[in-house]
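>>> Build the 3D model from these lines:
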Amino acid sequence: MTSLESIRGWVLDVDGCLVRTSRAGGRGGTAIPGAAQFLTAIKAAGHRVIVCTNASEKAPGVYADHLRDIGLPVEDEAFVTAGSATAEHVHAYHPGARVLAVGDDGITVPLRDLGVTPVSASGTVLADVVVVGAAPSYTAADLSAAALAVDAGAAFYTTVETPWFHGGLGRSLAVSGAIAASITWATGRPPTVGGKPSAVLAESLLRQLGLPPEQIAVVGDSPAEVGLARHMGALSVMVLSGAVTPTALAGMTGGERPDVVFDDVGDLHRHLGPSHHESQQGVVS
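Numbers count the residues shown, from 1 in each chain. You can find the predicted model right below:
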């Protein structure tokens, strides 16, 4: 048995974990039974909570607002996207840089909130940093400016590296990853990933939680959350309500295998108990 008694901070995935949906970031989805009660319980226990998604098309507040609409108590400031984490990293590690955002509000709003105004693709000076995020469409001008900048040596970031999105209702292409791959195809340079399961995101989450890694659990439905937990030195908790089936779980070995497995967050909540006075033992995977 793996104990959850020491956990005081939680990083919770959205799609396939808190929400069953076919669209990234929980939009258009429904709360998984027990998700609201679980969130309420761990917050009432005084635990620190971050809800984290690899979605990057919209600003964090837009996604958080939808979760509140479907009954999940999530504050804007507790919601982290792959876009906002990448923007924070760029702001911290590339001060004063000219940043070209190839994406939508999910990249540009967090950058502007940090005081960074993205440059235009039509400018005559190449960008110092290129950031690729999700968008409903991309222009040829954006892609050309991004490829030219990266080919000339600009720092290159993308929000995700996984090819597919899975929110519990089928899968779809992770578009930002495909766009970043096209720039890599043209330039031969792979991007640094800002979303799950990257070290970039792990650093940001550890800083925000302000807790020792051994007091943190990362809960999600895919190998990306397992990888994120490994980067953070945190406990990996997998729920089987999204991307990973019991059959797929059985084939996982070594570091890709989660520490603890539950059917869904409702099952996790029942093990913890609403006031943490019930059994707090997870099922070892």
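>>> Per-residue pLDDT of L4, please?
Listed pLDDT for L4 reads 88.
>>> Could you measure from it over to G266?
15 Å (C-beta to C-beta, to the nearest Å). Backbone N, C-alpha and C define where each C-beta goes, glycine included.
>>> excluding its backbone neighbours, what's nearest R68?
V74 (6.3 Å; C-beta to C-beta, 6 or more residues apart in numbering).
>>> V102 touches S137, doesn't it?
No - look at V102 against S137 with C-beta atoms under 8 Å: they stay out of range, at 11.3 Å.
>>> Between the two, point out the one with more neighbours.
In this view V102 and S137 are compared by other C-beta atoms under 10 Å, and V102 has more residues nearby, 27 against 7.
>>> hang on, A152 packs against L126?
Yes - at 5.4 Å, A152 counts as touching L126 under the criterion of C-beta under 8 Å.
>>> Among the two, which residue is more densely surrounded?
Between A152 and L126, L126 has the larger neighbour count (other C-beta under 10 Å), namely 18 against 11.
>>> which ones are touching that one?
By C-beta atoms under 8 Å, 6 or more residues apart in numbering, the residues touching L126 are 98, 145, 148-149, 152, 154.
>>> again, but for D267
Per C-beta under 8 Å, 6+ apart, neighbours of D267: 34, 239.
>>> Look at G168 and report its pLDDT.
56.
>>> Could you report the separation of the nearest residue to L240 once chain neighbours are set aside from M238?
Among residues not flanking L240 along the chain, D263 sits closest, at 5.6 Å (C-beta to C-beta, 6+ apart). Applying C-beta to C-beta, the value for D263 to M238 is 10 Å.
>>> out of those two, which sits in the more crowded spot?
M238 (29 against 14).
>>> Is that one in a helix, a strand, or coil?
strand (DSSP: H, G, I helix; E, B strand; the rest coil).
>>> H269 now?
helix.
>>> Repeat that for A217.
Per three-state DSSP, A217 ends up strand.
>>> Also V49?
strand.
>>> What is the neighbour count of it?
Neighbour tally, V49, other C-beta under 10 Å: 17.
>>> P60 now?
27.
>>> quick one: contacts for the residue lying closest to it once chain neighbours are set aside?
Leaving aside its sequence neighbours, P60 sits nearest to F79 (C-beta to C-beta, 6+ apart; 4.4 Å). Residues in contact with F79 (C-beta under 8 Å, 6+ apart) are 50-53, 60-61, 63-64, 67.
>>> For ChimeraX, what selects the buried ones among the contacts of L126?
Per 16 or more other C-beta atoms under 10 Å, the buried members of the contacts of L126 correspond to this ChimeraX selection:
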select :98,145,148,149,154
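>>> biggest separation within the contacts of L126, which pair?
R98 and L148 (12.9 Å; C-beta to C-beta).
>>> Which secondary structure elements does the strand or helix carrying R20 sit against?
Assessed by DSSP states H and E, R20 sits inside strand 19-20. With contacts taken as 3 or more C-beta pairs under 8 Å, 6 or more residues apart in numbering; DSSP states H and E, strand 19-20 sits against strand 30-31.
>>> And the average pLDDT for the helix or strand that the strand it packs on is followed by is what?
Downstream of strand 30-31, the next assigned helix or strand under DSSP H and E is helix 35-44. The average pLDDT for helix 35-44 rounds to 95.
>>> Going forward, count from 25.
Taking 25 as the first residue, the last one we looked at is helix 59-68.
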